[in-house]
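Colleague: sequence unavailable; structure follows:
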C-alpha cells in the first residue's frame, strides 16, 4: 500500500536524522499522492474551480486573449498551465478563445504535470491542440509566455517555525509509538525567510514560509525581467503575511489528520501572497494584485456569462448555473478566500481585473 511505503521511508529518514521537516514530509507524501491518482471531483478528495463551472475557465481564456492582444500579439507564444488537473480549465479557456482565431493559431500549449492518470485525461480533452508536457517549470522553452496556475502553490511544501521561550524552533515531524507526531528542533536554516509580520509571534504561535513557492515566484520574475509574458496565480490564502498554522489534509472531501497514512490524502497550506509577490518583484517582475477571486471574476464579466448560459437553459440548469456562480464568487464559497495575483514583464499593460 502507498501509505505503508511512505510511512516506511519516513521512518527510515527519521531514524537516521531524528526528524524530518514539514517540507520534507510534504514533499515525500505528496510525491506519492499525486503520482497516479485522480484526486478531483465527487469521487476524489477535493473540487477545484474549473470543475465547478465552465465559466471559470472561460473567464481565464478571455483574460489571456485580452493580455496577449495588448502584448502586441506575439506569435508563436507559450500558453502554459501548472498543475492542469484533468485539463478542464485549459479546454474551457481555449473554447472561449475561439473569439480570437489568431490567438489560437499562435498558441503553443505546454502543461506542467507529473500525474500519469491526469496526463491521460488532458490528452483526451485537449486533442487537436498538440500540447507538450513537462515535469517542472524550468523545462518550459524560451519565448513569450502566458502562464496559469490555479490551486498549484497551495500544494508546494512549506516549513513551520514556532516561537518558544527559547526563541524560534522549527516544527518538525518525529516518530511516535503508533505513527508520527509533531515536535520541534533547532532550525538549521530558514529563519531568513521570516517576514516582518512574523516577528510579533508570541510563545506557542506558529508561522509558515514556503521556500519552494518563493523559488518558483523568483524564477518567474527572472523570466519576465528578460522575456515578455505574464503569470496568473489563483489560490487560497491571506492577502498579507500573518501568523498561524494552515497545514491541512483532505480525504474524500473531509478533513483528515495530516500525520495519518501519509501519501493517502492531499496536503495543502495557505499561500502567502505578500511573500510571493515580493519574491517575484525582487527578481524583476511587475506585480498586480492580489484581489479576491470574486472581484476578479466579476470585473471580467462572469455574471453576464452566467446570464447568457441561463438564457439557453431549462429551469433546472439555470439553478445549477446560479449555484456555481455563487460558489465561485460568493463570500461563503471561493469568492473571498481565493485570491488572484498576476506577475508580468514590467512594460506590459495592467492585466484586466487587477
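Modeller: Arrived safely. Fair warning: this is a prediction, and the values are worked out from it, not measured in the lab.
Colleague: what about the strand or helix carrying residue 323, average pLDDT?
Modeller: Assigned by DSSP states H and E, residue 323 belongs to helix 315-329. Computed over helix 315-329, the mean pLDDT rounds to 97.
Colleague: how near is residue 283 to residue 346?
Modeller: 11 Å (Cβ to Cβ, to the nearest Å). (C-beta placed from N, C-alpha, C; glycine too.)
Colleague: and the two? Which one has more around it.
Modeller: More crowded of residue 283 and residue 346, by other Cβ atoms under 10 Å: residue 283, with 18 against 11.
Colleague: got the contact list for the more buried one?
Modeller: The contact partners of residue 283, taken as Cβ atoms under 8 Å, 6 or more residues apart in numbering, are 217, 218, 219, 220, 221, 222, 225.
Colleague: mind putting those residues into a markdown table with pLDDT, neighbour count and secondary structure?
Modeller: Converted to a markdown table, the contacts of residue 283 look like this (pLDDT from 0 to 100; neighbours: other Cβ atoms under 10 Å; DSSP: H, G, I helix; E, B strand; the rest coil):
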| residue | pLDDT | neighbour count | secondary structure |
| --- | --- | --- | --- |
| 217 | 98 | 28 | helix |
| 218 | 98 | 19 | helix |
| 219 | 98 | 16 | helix |
| 220 | 98 | 26 | helix |
| 221 | 98 | 24 | helix |
| 222 | 98 | 15 | helix |
| 225 | 97 | 14 | helix |
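Colleague: quick check, nearest of those residues to residue 157?
Modeller: residue 217 (14.4 Å; Cβ to Cβ).
Colleague: close enough to count as contact, the closest one and residue 276?
Modeller: Yes: counting by Cβ atoms under 8 Å, residue 217 touches residue 276, with 4.7 Å between them.
Colleague: if we can go back for a sec, in the helix holding residue 323, what counts as buried?
Modeller: 318, 321, 324, 325, 327, 328, 329 (16 or more other Cβ atoms under 10 Å).
Colleague: now distance to residue 158 too, for the residues you listed, in a markdown table please.
Modeller: Listed next are these as a markdown table, based on distance: Cβ to Cβ, whole Å:
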| residue | distance to residue 158 |
| --- | --- |
| 318 | 41 |
| 321 | 36 |
| 324 | 30 |
| 325 | 32 |
| 327 | 26 |
| 328 | 26 |
| 329 | 28 |
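Colleague: return the member of those residues nearest to residue 266.
Modeller: residue 327 (19.0 Å).
Colleague: next one, pLDDT for the residue nearest to that closest one when sequence neighbours are not counted please.
Modeller: Distances taken as Cβ to Cβ, 6 or more residues apart in numbering place residue 333 nearest to residue 327, at 3.9 Å, with adjacent residues excluded. At residue 333, the model reports a pLDDT of 91.
Colleague: what helix or strand is residue 333 on?
Modeller: Judged by DSSP H and E, residue 333 forms part of no helix or strand.
Colleague: what ranges do the helices span in the stretch 101-250 of the chain?
Modeller: All helices of the stretch 101-250 of the chain, identified by DSSP state H, counting those that start in this stretch, fall at 101-106, 116-125, 211-226.
Colleague: low pLDDT regions in the stretch 51-200 of the chain?
Modeller: By pLDDT under 70, the stretch 51-200 of the chain has no low-scoring segment.
Colleague: hmm, back to that, and the contacts of the helix holding residue 323?
Modeller: 49, 52-53, 55-56, 293-294, 297-298, 302-303, 306, 309-310, 313, 332-335.
Colleague: so what does the next helix or strand after it touch, helix or strand wise?
Modeller: For helix 315-329, the succeeding helix or strand toward the C-terminus, using DSSP H and E, is strand 338-344. Other elements packing on strand 338-344 under the criterion 3 or more Cβ pairs under 8 Å, 6 or more residues apart in numbering; DSSP states H and E are helix 211-226, strand 229-236, helix 273-283, strand 286-292, helix 293-300.
Colleague: who wins for proximity to residue 69 among the ones you listed?
Modeller: strand 229-236 (12.6 Å).
Colleague: would you confirm that residue 14 contacts residue 176?
Modeller: No: with contact defined as Cβ under 8 Å, residue 14 does not count as touching residue 176 (10.0 Å).
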